[in-house]
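Undergrad: Requesting a structural model of the entry that follows:
(one chain, ligands or ions: 2)
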Amino acid sequence: MAAPKQKSTEHSIQPMVEGVLRPRPIGDQLFAPEQGGTPAVEKIDTTTIGKRAPRYEMPIPLGWFCVAYSDELAPGQVVPLRYFGEDLVLFRTESKVAQVMDAHCPHLGAHLGYGGHINGETIACPFHGWRFNSGGECVEVPYASRKPAKVATGQCIYSYPTVERNHMIWAWYHPQRAAPSFEVEEVSETTDPNWTPYDRFEWSIRTVLQEAAENGVDTAHFVYVHSSAGIPKGVVTLDGPRRSTDVVSQNSPINEHGKRDLETLMPIRLLTKNCGPGQTMQWFYYNCETVMIGTVTPIDHEHIHLRFAFTQPKAQSSAEAVMAKGIIDNVVEQVGQDIPIWEHKKYQPKPALCDGDGPIAQYRKWFQQFYVS
Ligand code: FES
Ligand SMILES: [Fe+2]
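TA: Ligands and ions are numbered 1, 2, ... in the order given. Now for the predicted structure:
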């Protein structure tokens, strides 16, 4: 599915539990021998079904990952999620604190995201009413004279470090549950009242973070996949978990009709900053202004949830606003062009790179810091 799901500003959260894996295209049917080779009516997809080694050997990387937009979670709301290959629950207490926790109750295993409810600063299990605070500690077993030893002291449900930045809720994932080693980066435009509310898009894609983000340094593909006028040249700066890419390319500008003006070339500067593997920020220096916050969240070892959120100055002229909308349309279209390649490519650990390729090897080395074996 190349078309993104665009989200309006008024919506409820979409739990990433069921239906996140999109239907595959349908291919030829297999013949059942006992039916004398008669094809069954229903076709199955022979391109994706069958025994096959996992596509990727990389573990899920550590980092901060967006699990929802802040306005998708009202005080008192409880939502089931599935990210990091885990069943999770996201909730907001009555004092408006957002929290991500492992989903299953230590008593008899109920999923807190299905029927759990908020009571003050705690979440109550739907099965027998045990209550847990945001730190994952059991604060009440309502019908027992004393709490069982397993939940009597300290955390009994893993509680992910959770913060809200840039109107998004972020959870820190570390495979060994170590504390955060860097912060989510704040982007001032996202909370500036002079900038528009987010224009949002999202996709679920059958790939992994490292592969999807390699797109940004794979400069040659912009010509062949996205029809750019030339291969962009840029400067990459690495700083621990942060990476920035400052690229200037000669390209066709978006005109006042929101379309590419193929008769013209102008210098276009794109500043991209990454903070860990899950947060991308882009500033488009163009004939109008746009800032994008891109987030990538691992659903499991082979699927990601990609969100793009755009904001623009409210004070733009109507022509600039049309041009800015054209930039958004173009970026979203580019994701649609990338998806079929991402979903069907094979990771080449030792790629045959040429001297015209972008800094792919440097990017892969930088990304290694987010893997914990
Ligand atoms: S399973 Fe949660 S209280 Fe019993
Ligand atoms: Fe791309």
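Undergrad: ok and the residue in the stretch 151-300 of the chain nearest ligand 2?
TA: Of all residues in the stretch 151-300 of the chain, the one sitting closest to ligand 2 is Asn215 (4.3 Å; CB to the ion). To be clear about C-beta, it is placed using only N, CA and C from the backbone, and glycine gets the same treatment.
Undergrad: residues contacting that residue?
TA: Taking CB atoms under 8 Å, 6 or more residues apart in numbering as the criterion, Asn215 is in contact with His221, Asp338, Trp342.
Undergrad: likewise Gln99?
TA: By CB under 8 Å, 6+ apart, the neighbours of Gln99 are Leu90, Phe91, Arg92, Thr93, Ser134, Ser159, Tyr160, Thr162.
Undergrad: Now do the closest residue to Glu320 other than its chain neighbours against ligand 1, distance only.
TA: In this structure, Glu320 finds its nearest non-sequential neighbour in Cys288, 4.1 Å apart by CB to CB, 6 or more residues apart in numbering. Distance, Cys288 to ligand 1, using CB to the nearest ligand atom, to the nearest Å: 53 Å.
Undergrad: Quick check: Cys288 touching Ala324?
TA: Yes - judged on CB atoms under 8 Å, Cys288 makes contact with Ala324 at a distance of 4.4 Å.
Undergrad: Which neighbours do those two have in common?
TA: In contact with both Cys288 and Ala324: Gln312, Gln316, using CB under 8 Å, 6+ apart.
Undergrad: Compare the two and say which is more crowded by neighbours.
TA: Shown here are Cys288 and Ala324; by other CB atoms under 10 Å, Ala324 has more neighbours (25 against 22).
Undergrad: so what secondary structure elements neighbour the helix or strand hosting the more buried one?
TA: Secondary structure assignment for Ala324, by DSSP states H and E: helix 318-344. Secondary-structure packing of helix 318-344 (3 or more CB pairs under 8 Å, 6 or more residues apart in numbering; DSSP states H and E): strand 199-205, helix 209-214, strand 289-298, strand 304-311.
Undergrad: ok so, going back, as JSON lines, the contacts of Asn215 with distance to Phe84 and pLDDT would be great.
TA: Putting the contacts of Asn215 into JSON lines (distance: CB to CB, whole Å; pLDDT from 0 to 100) gives the following:
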{"residue": "His221", "distance to Phe84": "28", "pLDDT": "91"}
{"residue": "Asp338", "distance to Phe84": "23", "pLDDT": "96"}
{"residue": "Trp342", "distance to Phe84": "20", "pLDDT": "96"}
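Undergrad: Out of the residues you listed, which comes closest to Tyr143?
TA: Nearest to Tyr143 among the contacts of Asn215, counting by CB to CB, is Trp342 at 51.0 Å.
Undergrad: residues in contact with that closest one?
TA: The contact partners of Trp342, by CB under 8 Å, 6+ apart, come to Ile205, Arg206, Thr207, Glu211, Ala212, Asn215.
Undergrad: Spatially nearest residue to it (excluding sequence neighbours)?
TA: Thr207 (4.2 Å).
Undergrad: tally of neighbours for the one you found?
TA: Thr207 has 25 neighbours, counted by other CB under 10 Å.
Undergrad: Ok, Ser317 next?
TA: Neighbours of Ser317 (other CB under 10 Å): 10.
Undergrad: domains for the protein, by residue range?
TA: In terms of domains, the chain is parsed into 63-173, 188-346+354-370 (source: automatic domain parsing).
Undergrad: Which of those comes out lowest on mean pLDDT?
TA: Mean pLDDT is lowest for domain 188-346+354-370 out of those, coming in at a mean of 91.
Undergrad: ok, now how distant is the closest residue to Gly258 other than its chain neighbours from ligand 1?
TA: Excluding the flanking residues, the one nearest Gly258 by CB to CB, 6+ apart is Gly326, at 3.5 Å. Using CB to the nearest ligand atom, Gly326 is found at 51 Å from ligand 1.
Undergrad: who's in contact with Gly326?
TA: Neighbour list for Gly326: Ile254, Asn255, His257, Gly258, Lys259, Arg260 [criterion: CB under 8 Å, 6+ apart].
Undergrad: from those, which single one is nearest ligand 1?
TA: If you rank the contacts of Gly326 by distance to ligand 1 using CB to the nearest ligand atom, Gly258 comes first, at 52.7 Å.
Undergrad: Can you pull the phi/psi pair for the closest one?
TA: phi 80, psi 10 (degrees, to the nearest 10).
Undergrad: Just give me the residue right at the centre of the protein.
TA: Closest to where the C-alpha atoms of the chain average out (CA atoms, centre = their mean) is Val296, at 2.5 Å.
Undergrad: you'd agree it is up against Phe65?
TA: Yes - with contacts defined as CB under 8 Å, Val296 counts as touching Phe65 at a distance of 7.5 Å.
Undergrad: So for the two, which residues contact both of them?
TA: Counting by CB under 8 Å, 6+ apart, the residues touching both Val296 and Phe65 are Gly278.
Undergrad: residues touching the closest residue to Val235 other than its chain neighbours, list them.
TA: Leaving out its chain neighbours, the residue that sits closest to Val235 by CB to CB, 6+ apart is Asp246, at 4.9 Å. Contacts here follow CB under 8 Å, 6+ apart; on that basis Asp246 touches Gly234, Val235, Thr237, Arg269, Leu270, Leu271, Thr272.
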